[in-house]
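S.K.: Return atomic coordinates for the entry below.
(one chain, ligands or ions: 2)
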Amino acid sequence: MFRFFVGFIALVILLPGAVVAEETQPCVFCGIVAGQREGATVYRDDRVMAFLSIGPRNPGHVLIVPLLHAADFMEVPPGTVHAMTDAARRIVAAIKRTDLQCDGFQLQMNNGVAAGQTVPHAHLHIIPRYVGEPPPKTPEDRVSLAELEPVAAKIRAALAALPAETPEPPLPSALPPMGEVVPLSRIKEICAAYGMMDLWRKIERDPPVRPFKSDGCTGWFNEWKGISIYQAGFLHDLKYWAGYPGEEVERLVADAELMNDVARLLKSTAMAETMFHGVRMGGTDKLSASFSWGFGRKPLERAGATHPAAAKP
Ligand code: 5GP
Ligand code: ZN
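M.R.: Numbering: from 1, shown residues only. Ligands and ions are numbered 1, 2, ... in the order given. All right, here's what the predicted structure looks like:
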């Protein structure tokens, strides 16, 4: 009993010390960032740094870390996350230009001990992978800096020689105005910007006979409480223009997406629900009707269709 008591007291005295010791332990990656620890550096800018892992899965295993300490992904500020992924793109491009000749690569981020994070400073792994490569070594298998440094030098040299990336074209800030005929080249750009490349491929395969122009949100407001919903109407018109009469599922999806877009733009569902009611419940555009807004396509099968869009030239 006495022994138990002494042990208990010792535990009470030692435990806080152990906790403090753990908390005050210097962060390994902060040490590398500060230059207090050696690291086979590959890249550095004003937000992030990249160096080779001391326990590489394969040669060229890079870790990209934020310069400012952040425990995990969720603690990394958004601009720094961008800097990490931008760096990853360039470093992978550089690795591919070296004689490392990897068949593939992994981008991996472990967050939290449960997810396998062993260093509590956020880091993005770039791991070159090979077809038929041997099984992984244990994490304790460390590589000397002398062995890492030539690999880092190769990647640094390839990075320095990397051509500048072509800047991504900006999103079209303004859609063509209502009633203006939109050329196919512009339609392609719009499809790309709005993630509608499947629709573009369909248009390219079989272009509608009439040119496209949007009339906005037919019968509805293009602007509501100072917020424009023209984009929603424009994209909806484009989907209908590219569609065939009889593509019932596509039509329903296009209508549902219109409602979603309107709700998102207005940050409220009220208008979207009213429109849904008008188009789908109170309206006449039933899915089973042979009439379609696909006015860019085949001649309408049934003249005298009752939807307002049928009156369009
Ligand atoms: P995690 O398991 O936390 O996702 O990955 C930690 C990574 O950091 C492993 O690839 C491990 O080999 C590497 N690492 C751990 N300590 C050091 C170190 O002191 N220097 C370097 N360069 N890498 C380290
Ligand atoms: Zn740190």
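
S.K.: going forward, measure contacts and count neighbours with C-alpha atoms only.
M.R.: OK.

S.K.: Just the pLDDT for residue 54.
M.R.: Here the pLDDT value assigned to residue 54 is 96.

S.K.: Residue 172 now?
M.R.: For residue 172, pLDDT reads 58.

S.K.: could we number from 45 for the rest of this?
M.R.: Got it, the first residue is 45 from now on, which makes the last one we talked about residue 216.

S.K.: doesn't residue 167 make contact with residue 153?
M.R.: Yes - Residue 153 sits in contact with residue 167 when judged by Cα atoms under 8 Å, with a separation of 6.4 Å.

S.K.: Mind listing the shared neighbours of those two?
M.R.: When contacts are counted by Cα atoms under 8 Å, 6 or more residues apart in numbering, residue 153 and residue 167 are jointly contacted by residue 117.

S.K.: what's the distance between the closest residue to ligand 2 within the stretch 95-244 of the chain and residue 303?
M.R.: The minimum distance from the stretch 95-244 of the chain to ligand 2, using Cα to the ion, falls at residue 113 (4.0 Å). Separation of residue 113 from residue 303 (Cα to Cα, to the nearest Å): 43 Å.

S.K.: The two: who's more crowded?
M.R.: The residue with more neighbours, out of residue 113 and residue 303, is residue 303; 22 against 16, by other Cα atoms under 10 Å.

S.K.: Which strands or helices does the host helix or strand of that one pack on?
M.R.: Here residue 303, judged by DSSP states H and E, is contained in helix 292-310. Helices and strands touching helix 292-310, by 3 or more Cα pairs under 8 Å, 6 or more residues apart in numbering; DSSP states H and E, are strand 271-272, helix 274-286, helix 314-320.

S.K.: Flag every buried residue along it.
M.R.: 292, 295, 298-300, 302-307, 309-310 (16 or more other Cα atoms under 10 Å).

S.K.: ok, the nearest residue to residue 101 once chain neighbours are set aside to residue 319 distance?
M.R.: Nearest in space to residue 101, with sequence neighbours left out and distances taken as Cα to Cα, 6 or more residues apart in numbering, is residue 180 at 6.1 Å. Per Cα to Cα, residue 180 is found 57 Å from residue 319.

S.K.: Out of the two, name the residue with the larger neighbour count.
M.R.: Using other Cα under 10 Å, the more surrounded residue of residue 180 and residue 319 is residue 319, with 21 against 10.

S.K.: Which neighbouring residues are in contact with that one, exactly?
M.R.: Residue 319 touches 264, 303, counting by Cα under 8 Å, 6+ apart.

S.K.: Just checking, which helix or strand succeeds the one helix or strand residue 169 maps to along the chain?
M.R.: Here residue 169 sits within strand 168-173, counting by DSSP H and E. Per DSSP H and E, the first helix or strand lying C-terminal to strand 168-173 is helix 189-204.

S.K.: and that next one, C-alpha only, in PDB?
M.R.: Below are the C-alpha coordinates for helix 189-204, written out as PDB (Å, rounded to 0.1, in the frame of the first residue of the first chain):
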ATOM      1  CA  LEU A 189      22.000  14.100 -45.500                       C
ATOM      2  CA  ALA A 190      25.000  13.200 -47.600                       C
ATOM      3  CA  GLU A 191      22.800  10.700 -49.500                       C
ATOM      4  CA  LEU A 192      19.800  13.200 -49.700                       C
ATOM      5  CA  GLU A 193      21.700  16.300 -50.800                       C
ATOM      6  CA  PRO A 194      22.600  15.200 -54.400                       C
ATOM      7  CA  VAL A 195      18.900  14.200 -55.000                       C
ATOM      8  CA  ALA A 196      17.800  17.700 -53.700                       C
ATOM      9  CA  ALA A 197      20.400  19.300 -55.900                       C
ATOM     10  CA  LYS A 198      19.000  17.500 -59.000                       C
ATOM     11  CA  ILE A 199      15.500  18.700 -58.200                       C
ATOM     12  CA  ARG A 200      16.600  22.300 -57.500                       C
ATOM     13  CA  ALA A 201      18.400  22.400 -60.800                       C
ATOM     14  CA  ALA A 202      15.300  21.100 -62.700                       C
ATOM     15  CA  LEU A 203      13.200  23.600 -60.800                       C
ATOM     16  CA  ALA A 204      15.500  26.500 -61.900                       C
END
